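Enquirer: Let me see the structure of the following:
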Amino acid sequence: YEISLGLVGSEMCIRDSRKVNLFSNLQPIKQYFKDKKTMRKLFILLFFSASSLLMAQNTNPIQEAMANYDYETALTLIDKETPTVPLLYQKGKALKSLGNNREALQVYEEVVMQDSLNPRAYIEAAECCKSLLKNKQALKYYQKAVDLNPDNKYARIQYITLLLNQRKFDEALGESSLLTETDSSAVALHLQAQSFEGVDDILAALGCYENIQEKYPNDFLAAAKAARLHIEGAFYNYAIEATEKYRQIDSTNVVVNQQNALAYCLMKDYQTAIQRYEQLLSLGDSTFTTCYYLGVSYYAVEKFYEAHDILEVARQYDKRNVNLLYYLGRSCSKTSWKDQGVAYLEEAVAYATPPDSAMVRLYVGLTDCYKMALMPKEQIKTMQDRYDKYDIENHKLLYDMAYVYQYQLKDKKNTERCLEAFLKTRPKNSSEQPETDDKGNVILGLSTYYGAAETWLKDLREKKKVDDFFQGKVIAVPTNTKKTETSRDTVKK
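Expert: The predicted structure is shown next:
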């Protein structure tokens, strides 16, 4: 900077002097900088310093507002300018940063129309669609971005991830396999593994996770996911092998230790499982799974007081868990909380047994399915089970069974039995006349069905007499029996 002042001073001296040689005053500088390259670098440095100073003085206020995260000011300034593609990108970013994703999407849709060959436009639009849960539209934008630039790794990763989230596993597998042809990163292999899981190719998924473990030993997710798949297949030894391999690198990883402890517990190596779960507790993991399986492990080695304490913690997460209540109740019964153990087991039984209303709903659905499938025998069976076990006051089921026997199975004998059983449930003081409304229309109440059953049974018996007469059969006159049969006895016969 002093040298530049010297130069300026020299020029002033030249103007005031009488035709003094222009370069005479530079002689001291030349002597100081003997190397010409050094002088050239100095002048270039001075030039760019001056240019930077001028640029700083002319900073775009919109860019300054964006750089300072003052998005509202940036939007105000942008609205005063003529809309261009760069300004629209900035406007979309500002709106998105302020949480106005719907307005930001409208801006990026306009950018897509004006900058249709730029993958960035489609990526920005896709990001907005994802935030608005417009996943189908987001997929289209990501796909367009990938088509425009197949080498854009970010767009391809987001596209595959969204396909997985939408459970489009076949498409995800195709895209992830294409990605792994040129990209062997852990991210690409994880996406391929998840795709294989989605199409139920578990062996291929395990192969991907093992490949990740070999190439990237520090990837804890690969170890945890491989262990999870092994546990689901009841291959506990392989799960332990995968997790112990990672534990040699980091024995404090919570996710890996969770799978490791579970594998030991399910393999009935309870002492090791207890060590792992106690370590998880010391690491701050007090999740339901950790507390529950630690309690089960304590119970298995007959540490009932410890089991009671940790299972009480687990119960705070899920008070209706039947398996938890079982182990907690049994632990209580072997300690000083025996009465509480009885209460817990009673709760477990109550939760495990579905209410009659739920069973009735299931049987109604099953009966209807048999009806639609033209399976009348099975239809009758479900109606009978429903009436005997769960819907014992719904006597109309007897009438419905008679209908199936008559018109589907052509079984007159069982039709009569069902009608007889139904009529035995008729209240003694009920009217034999059908109920009607104010306009005289018959109301299809239970009394109406009793009347119809009586008429129906009478017709069946009259027709049977006629048939027996023409067939030459002797009509037996029924005698009074000593025991009165109930409706259920009649049907069971």
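Enquirer: Can you tell me the element Gln194 falls in?
Expert: Assessed by DSSP states H and E, Gln194 sits inside helix 186-198.
Enquirer: which residues are contacting the helix or strand containing Asn323?
Expert: Here Asn323, judged by DSSP H and E, is contained in helix 322-333. Under the contact criterion Cβ atoms under 8 Å, 6 or more residues apart in numbering, helix 322-333 has outside partners 292, 295-296, 298-299, 304-305, 307-308, 311-312, 314-315, 318, 338, 340-345, 347-348, 351-352. Glycine gets a C-beta too; all of them are placed from N, C-alpha and C.
Enquirer: ok so, going back, can you name every helix or strand that the helix holding Gln194 contacts?
Expert: With contacts taken as 3 or more Cβ pairs under 8 Å, 6 or more residues apart in numbering; DSSP states H and E, helix 186-198 sits against helix 153-165, helix 169-180, helix 202-215, helix 220-232.
Enquirer: what sits against Leu206?
Expert: So Leu206 contacts Ala226, Leu229, His230 (Cβ under 8 Å, 6+ apart).
Enquirer: my guess is the first one meets Ala242, correct?
Expert: Yes: here Ala226 lies in contact with Ala242, judged by Cβ atoms under 8 Å, at a distance of 4.5 Å.
Enquirer: Give the residues shared as contacts by the two.
Expert: Tyr209, Glu210, Gln213.
Enquirer: what stretches of the stretch 51-200 of the chain score poorly on pLDDT?
Expert: Residue ranges of the stretch 51-200 of the chain with pLDDT under 70: 51-59.
Enquirer: those strands in it, which residues are they?
Expert: With DSSP state E, counting those that start in this stretch as the definition, the stretch 51-200 of the chain shows no strands.
Enquirer: Show the residue spans covered by the helices in it.
Expert: Secondary structure of the stretch 51-200 of the chain by DSSP state H, counting those that start in this stretch: the helices cover 61-67, 71-79, 85-97, 101-114, 119-131, 135-148, 153-165, 169-180, 186-198.
Enquirer: remind me which residues of the stretch 351-493 of the chain are low pLDDT?
Expert: Low-confidence segments of the stretch 351-493 of the chain (pLDDT under 70): 430-444, 472-493.
Enquirer: who wins for neighbours among the contacts of Leu206?
Expert: When neighbours are taken as other Cβ atoms under 10 Å, the top entry among those is Ala226 (27 neighbours).
Enquirer: gap between Trp124 and Ala104?
Expert: Actually, residue 124 is Glu. It isn't Trp. Per Cβ to Cβ, to the nearest Å, Glu124 is found 8 Å from Ala104.
Enquirer: which neighbours do the two share?
Expert: Here Glu124 and Ala104 have Gly92, Lys93 as joint contacts, going by Cβ under 8 Å, 6+ apart.
Enquirer: and which of the shared contacts of Ala226 and Ala242 is nearest to Asn237?
Expert: Asn237 lies nearest to Glu210 out of those, by Cβ to Cβ, at 14.8 Å.
Enquirer: Distance to Ala204 and mean neighbour count for the helices of the stretch 51-200 of the chain - can I get that in TSV?
Expert: Output for these, formatted as TSV (distance: least, Cβ to Cβ, whole Å; neighbours: other Cβ atoms under 10 Å):
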stretch	distance to Ala204	mean neighbour count
helix 61-67	46	15
helix 71-79	46	17
helix 85-97	38	19
helix 101-114	37	18
helix 119-131	28	23
helix 135-148	23	19
helix 153-165	15	20
helix 169-180	9	19
helix 186-198	4	22
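Enquirer: what's Leu460 in contact with, if anything?
Expert: Lys412, Thr415, Glu416, Leu419.
Enquirer: one more time with 10 Å
Expert: Shown in contact with Leu460 (Cβ atoms under 10 Å, 6 or more residues apart in numbering): Ala402, Gln406, Lys412, Lys413, Thr415, Glu416, Leu419.
Enquirer: got it, and Glu416?
Expert: Going by Cβ under 10 Å, 6+ apart, Glu416 touches Ala402, Tyr405, Gln406, Trp456, Leu457, Leu460, Arg461, Lys464, Thr490.
Enquirer: Likewise for Gln275?
Expert: For Gln275, the contact set (Cβ under 10 Å, 6+ apart) comprises Ala261, Tyr264, Asp269, Ser297.
Enquirer: pLDDT value on it, please?
Expert: pLDDT recorded at Gln275 is 97.
Enquirer: buried residues in the helix or strand hosting it?
Expert: If you go by DSSP H and E, Gln275 is part of helix 270-282. Using 16 or more other Cβ atoms under 10 Å as the test for burial, helix 270-282 gives Tyr270, Thr272, Ala273, Ile274, Arg276, Tyr277, Glu278, Gln279, Leu280.
Enquirer: could you dump it to CSV, C-alpha only?
Expert: Taking C-alpha atoms only, helix 270-282 is exported to CSV below (Å, rounded to 0.1, in the frame of the first residue of the first chain):
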residue,chain,number,x,y,z
TYR,A,270,-29.6,-65.1,30.2
GLN,A,271,-26.4,-64.3,32.1
THR,A,272,-24.8,-62.6,29.1
ALA,A,273,-28.1,-61.0,28.2
ILE,A,274,-28.3,-59.5,31.7
GLN,A,275,-24.8,-58.1,31.3
ARG,A,276,-25.7,-56.5,28.0
TYR,A,277,-29.0,-55.0,29.2
GLU,A,278,-27.4,-53.7,32.4
GLN,A,279,-24.8,-52.0,30.2
LEU,A,280,-27.7,-50.5,28.1
LEU,A,281,-29.3,-49.1,31.2
SER,A,282,-26.0,-47.5,32.2
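Enquirer: What are the boundaries of the strands in the stretch 251-400 of the chain?
Expert: According to DSSP E, counting those that start in this stretch, the stretch 251-400 of the chain contains no strands.
Enquirer: That one: helices as residue ranges?
Expert: According to DSSP H, counting those that start in this stretch, the helices that the stretch 251-400 of the chain contains are 254-266, 270-282, 288-300, 304-315, 322-333, 338-352, 356-372, 376-385, 396-407.
Enquirer: Can I get the ones you listed in TSV including distance to Ala204?
Expert: Shown next, in TSV, are these (distance: least, Cβ to Cβ, whole Å):
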stretch	distance to Ala204
helix 254-266	20
helix 270-282	29
helix 288-300	27
helix 304-315	35
helix 322-333	33
helix 338-352	38
helix 356-372	37
helix 376-385	41
helix 396-407	50
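Enquirer: which residues does the residue lying closest to Val107 once chain neighbours are set aside contact?
Expert: The shortest distance from Val107 to any non-neighbouring residue, by Cβ to Cβ, 6 or more residues apart in numbering, is to Gly92 (4.1 Å). Shown in contact with Gly92 (Cβ under 10 Å, 6+ apart): 100-101, 103-111, 121, 124-125, 127-128.
Enquirer: which of those residues lies closest to Ala193?
Expert: Proximity of those to Ala193 (Cβ to Cβ) peaks at Glu127, which lies at 25.0 Å.
Enquirer: Isn't that closest one up against Tyr108?
Expert: Yes: the pair Glu127 / Tyr108 is scored as a contact, 8.4 Å apart, by Cβ atoms under 10 Å.
Enquirer: who touches both of the two?
Expert: Taking Cβ under 10 Å, 6+ apart as the contact rule, Glu127 and Tyr108 both touch Gly92, Lys96, Tyr141.
Enquirer: nearest to Phe469, of those residues?
Expert: Using Cβ to Cβ, Tyr141 is the member of the shared contacts of Glu127 and Tyr108 that sits closest to Phe469, with 83.8 Å.
Enquirer: Now Lys134, what are its backbone angles?
Expert: In terms of degrees, to the nearest 10, the main-chain angles of Lys134 are phi -90, psi 70.
Enquirer: just to revisit the earlier point, now the helices and strands packed on helix 186-198 in CSV, please, with extra columns for distance to Ile78.
Expert: Shown next, in CSV, are the helices and strands packed on helix 186-198 (distance: least, Cβ to Cβ, whole Å):
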stretch, distance to Ile78
helix 153-165, 26
helix 169-180, 36
helix 202-215, 45
helix 220-232, 42
